[in-house]
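In: Sequence below, structure please.
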Amino acid sequence: MLSPTAVSLPALAVVAVLVLVLATARGPSFFLGRYEPSIATLQPSAGSSWKTARPAPAAVRVPRDCDIFRGEWVPAGDGDDGAAPYYTNTTCAEIQEHQNCMKYGRPDLGFLRWRWRPERCELPRFDATAFLDLVRGRSMAFVGDSLARNHMQSLMCLLSKVEYPKDVSKTTDPEFRTVRYESHNFTISAFRSPYLVTANQSDPAGGVWDLYLDEPDAAWVTGVAGFDYVVVSTATWFNRPTKFYEAGRLVGCHDCLVPGCHDCLVPGVPDLTIRYSLRAAFRTALRALTAGGAAGFDGTVVVRTLSPTSHFEGGEWNKGGDCRRTRPSAANEMRMAGLDLDFHTAQVEEFRRAASASGGAARLLLMDTTAAMLLRPDGHPSRYGHWAHENVTLYHDCVHWCLPGPIDVWNEMLLQMLLRHQSGEFSV
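Out: This is a model prediction of the structure:
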């Protein structure tokens, strides 16, 4: 087994080639908004042809009694196929610059040599051919913030081993992008909605946002009609100073006693905290998806729980905080606490509420990735989202995830969830 080690920049290029051969301001939320570049369109080079899918093998499934979301990260041995990443920054053009850790000289590759092992089973490697065969003729939307897009880009990189998609977007806005895998008639779309509900920045100078907690965001709620799957996720943006509206009336705020937020000083307006707003936003979004609020949607809702907000060490995101670890944490080293615990609890409880109250045709699946990702403070770009000599104002990125990287496990989990869904197992 190759243990995580630091390598020099010249050696990195050699390692990358070997890997390719083997593979044939108040919280991180303000920081999140600084990383929003557009994404590249993956197209075959001139003279090349589309990859043709092989006959689909029978996908390997985990046992029914295995909870894929509870387990530990274990080293991938030299004889283990999981020791090599699925793709590299040279084989996938969907990696955004600030997540392209290999391109920008991350000196250690050990963070790529770990696999997630559930407590009662082994999690199969992602099978791109089996995935595309499973979703043939279907569609999937990713709704949320830039981490939802990070998830979608991981999936596209994984699928590029079989087929390159065609960009069929109806807009030039990369935040609302649609691609289609024509050989499988499978469509993926991104709908940017950091709060899931109607939001506008009423005080740009003070960074204050107005959230209409009982109004699903029109940017996605009508667009997902007709989709087979909608993957919903967000959390980090709720750390921003916000004012809360319900039925058109100001009912509370969070962190609103700041310069420029004069309307928040109205007597009798309570600080309802960000826990209140996140819970209300998820409740509104899930109600829209399950109770007919999104016209025409009768598919399956996948609720992905938050990506940890607590991986900054040595300071906050804009005060020297960074994430320089080179290996996963053990389960007894990091426990979910504070804001991560509160957000996770709210998301799971609202999922359960929606699942029990839903009278519509929509199905709900919980993709509980938080526990696994809490143990991967080594998987973020940190300062490897740009060249070290560049004069840039970007802060260390301990929110998004390197590609390739531990985020690829989300799609290993997603494949297992879809297999269970197809077989009629709706409790995941």
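
In: Which parts of the chain are strands?
Out: 71-75, 114-118, 139-144, 166-167, 178-181, 186-192, 197-203, 208-216, 229-233, 242-246, 249-254, 300-304, 363-367 (DSSP state E).

In: Packing partners of the third one?
Out: With contacts defined as 3 or more Cβ pairs under 8 Å, 6 or more residues apart in numbering; DSSP states H and E, strand 139-144 has these neighbours: helix 146-159, strand 186-192, strand 229-233. Heads up, the C-betas are built off the backbone N, CA and C, glycines and all.

In: With only the CA atoms kept, save the second one in CSV.
Out: If I follow you right, that is strand 186-192. What follows is strand 186-192, C-alpha atoms only, in CSV (Å, rounded to 0.1, in the frame of the first residue of the first chain):
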residue,chain,number,x,y,z
PHE,A,186,-29.9,10.6,-20.2
THR,A,187,-30.0,14.3,-19.3
ILE,A,188,-28.4,16.1,-16.4
SER,A,189,-29.2,19.7,-15.4
ALA,A,190,-27.9,22.2,-12.9
PHE,A,191,-30.2,24.7,-11.2
ARG,A,192,-28.4,27.2,-9.0
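
In: and the angle from that strand to helix 146-159?
Out: 160 degrees (axes from the mean of the first three to the mean of the last three Cα atoms, to 10 degrees).

In: partner strands of strand 186-192, parallel or antiparallel?
Out: In the sheet, strand 186-192 lines up against strand 139-144 (parallel), strand 178-181 (antiparallel) (DSSP bridges).

In: Run through who's touching the longest one.
Out: This means strand 139-144. Contacting residues not belonging to strand 139-144 are listed as 148-149, 151-152, 186-194, 196, 220, 223-224, 226-234, 285 [Cβ atoms under 8 Å, 6 or more residues apart in numbering].

In: now with 6 Å?
Out: Contact partners of strand 139-144, identified using Cβ atoms under 6 Å, 6 or more residues apart in numbering, comprise 148, 152, 187-191, 193, 220, 224, 227-234.

In: Over to the shortest one?
Out: Taking Cβ under 6 Å, 6+ apart as the criterion, the residues outside strand 178-181 that touch it are Glu163, Pro165, Lys166, Asp167, Val168, Ser169, Thr187, Ile188, Ser189.

In: dump the residue contacts of the second one.
Out: Applying Cβ under 6 Å, 6+ apart to Pro165 gives the contacts Val179, Arg180, Tyr181.

In: which non-adjacent residue is nearest it?
Out: Spatial nearest neighbour of Pro165, excluding adjacent residues (Cβ to Cβ, 6 or more residues apart in numbering): Val179 at 3.7 Å.

In: Quick check: the gap between that neighbour and Pro270.
Out: Val179 is 44 Å from Pro270, where distance means Cβ to Cβ, to the nearest Å.

In: Of the two, which one has the most company?
Out: The neighbour count for Val179 versus Pro270, taken as other Cβ atoms under 10 Å, is higher for Val179 (22 against 10).

In: which among the contacts of strand 178-181 gets closest to Pro406?
Out: Using Cβ to Cβ, Ile188 is the member of the contacts of strand 178-181 that lies nearest Pro406, at 21.0 Å.

In: Now for that closest one: which residues touch it?
Out: Counting by Cβ under 6 Å, 6+ apart, Ile188 makes contact with Met140, Val179.

In: Please apply the same query to Arg106.
Out: Tyr384.

In: would CSV of the strands paired with strand 186-192 with distance to Met367 and mean pLDDT be doable?
Out: Putting the strands paired with strand 186-192 into CSV (distance: least, Cβ to Cβ, whole Å; pLDDT from 0 to 100) gives the following:
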stretch, distance to Met367, mean pLDDT
strand 139-144, 12, 98
strand 178-181, 21, 98
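
In: Would you tell me which one of those strands is buried the most?
Out: strand 139-144 (a mean of 24; mean count of other Cβ atoms under 10 Å).

In: can you list the helices and strands packed on strand 139-144 in TSV and add mean pLDDT and distance to Ala362?
Out: Below are the helices and strands packed on strand 139-144 laid out as TSV (pLDDT from 0 to 100; distance: least, Cβ to Cβ, whole Å):
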stretch	mean pLDDT	distance to Ala362
helix 146-159	96	19
strand 186-192	98	16
strand 229-233	97	9
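
In: So which of the ones you listed is nearest Ser307?
Out: helix 146-159 (5.2 Å).

In: List the contacts of the closest one.
Out: With contact meaning Cβ under 6 Å, 6+ apart, helix 146-159 is reached by 86-87, 92, 94, 126, 128, 142, 190, 233, 307, 400-401, 403, 407-408, 410-411.

In: Next: stretch 343-354.
Out: The contact list for stretch 343-354 (Cβ under 6 Å, 6+ apart) reads 235, 278-279, 282-283, 286, 290, 303, 305-306, 364, 366, 370.

In: Many thanks, we can stop here.
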